[in-house]
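Peer 1: Here's my sequence, what's the structure:
(2 chains)
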Amino acid sequence: GAVVSQHPSWVICKSGTSVKIECRSLDFQATTMFWYRQFPKQSLMLMATSNEGSKATYEQGVEKDKFLINHASLTLSTLTVTSAHPEDSSFYICSARDSQWGTQYFGPGTRLTVL
Amino acid sequence: AQTVTQSQPEMSVQEAETVTLSCTYDTSENNYYLFWYKQPPSRQMILVIRQEAYKQQNATENRFSVNFQKAAKSFSLKISDSQLGDTAMYFCAFMKFVGNTPLVFGKGTRLSVIA
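Peer 2: All right, here's what the predicted structure looks like:
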């Protein structure tokens, strides 16, 4: 099946620093990628939809300036958490939609801990 | 707006037995996709099965099959010969056929397979 990689798998940082998370579709092209946040024992919460070559569309309540998303190619999207604070600690999951078949595949997630 | 409802927060099943997870959805669309995803303790989201609404035949993938009732807007997942590795959170999801709209997830059903 299709594979989506996500890096890093976990990161610990100090409050006020920025963290970049990479998401790659390894064997298919993804015009559209999605970023989610997941709290313990809850469903996935969509943060933003990113289309290759254009600006991301953010969900209501998600700060655009804090969560910077770049989708520069058909296989790579990045999420940068700027000036991270402890409340940004969470599990972040990226997802890539196969442009040909429409099926969405997920990365393994990144656990962010902000001290 | 579309909604997806999973009415069973938790379920358990004995190993080798069969279990059915329920999912209902609400939409005014005629063409769409439905998915079941599995999230084991590793938290990696894994596609279990996919159904196109225009197909009358229910999708099957080895031990996993669905009962798709379009008129009733119901999309249940049947797991046969349950295995310990099936223990996971299961999410039902809806996606419009046209456009790059995000998946709409249910809240999930936590399935425990008991030896």
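Peer 1: Show the backbone phi and psi for the residue nearest the centre of chain B.
Peer 2: By Cα atoms, centre = their mean, chain B has its centre lying nearest to residue B:36, at 3.2 Å. With angles defined as degrees, to the nearest 10, residue B:36 sits at phi -120, psi 130.
Peer 1: again with residue A:86
Peer 2: The phi/psi pair for residue A:86 (degrees, to the nearest 10) is phi -50, psi -30.
Peer 1: which residue packs closest to it, ignoring adjacent ones?
Peer 2: Spatial nearest neighbour of residue A:86, chain neighbours left out: residue A:114 (4.9 Å); criterion: Cβ to Cβ, 6 or more residues apart in numbering or on different chains. The C-beta positions use only the backbone N, C-alpha and C, and glycine is treated the same way.
Peer 1: returning to what we had before: for the residue nearest to the centre of chain B, what are its contacts?
Peer 2: Taking Cβ atoms under 8 Å, 6 or more residues apart in numbering or on different chains, we find residue B:36 in contact with B:21, B:23, B:47-49, B:64, B:66, B:75, B:77, B:90-93.
Peer 1: Distance check, it against residue B:63.
Peer 2: Distance of residue B:36 to residue B:63, computed by Cβ to Cβ, to the nearest Å: 13 Å.
Peer 1: Give the residues shared as contacts by these two.
Peer 2: By Cβ under 8 Å, 6+ apart, no residue touches both residue B:36 and residue B:63.
Peer 1: dump the residue contacts of the residue of chain A found nearest chain B.
Peer 2: Nearest residue of chain A to chain B (Cβ to the nearest Cβ) works out as residue A:106 at 3.6 Å. By Cβ under 8 Å, 6+ apart, the residues touching residue A:106 are A:4, A:93-95, B:37, B:44-46.
Peer 1: where does the closest residue to chain A within chain B fall, phi/psi-wise?
Peer 2: Using Cβ to the nearest Cβ, the single residue of chain B nearest to chain A is residue B:45, 3.6 Å away. Dihedral angles of residue B:45 (phi, psi; degrees, to the nearest 10) stand at phi -80, psi 130.
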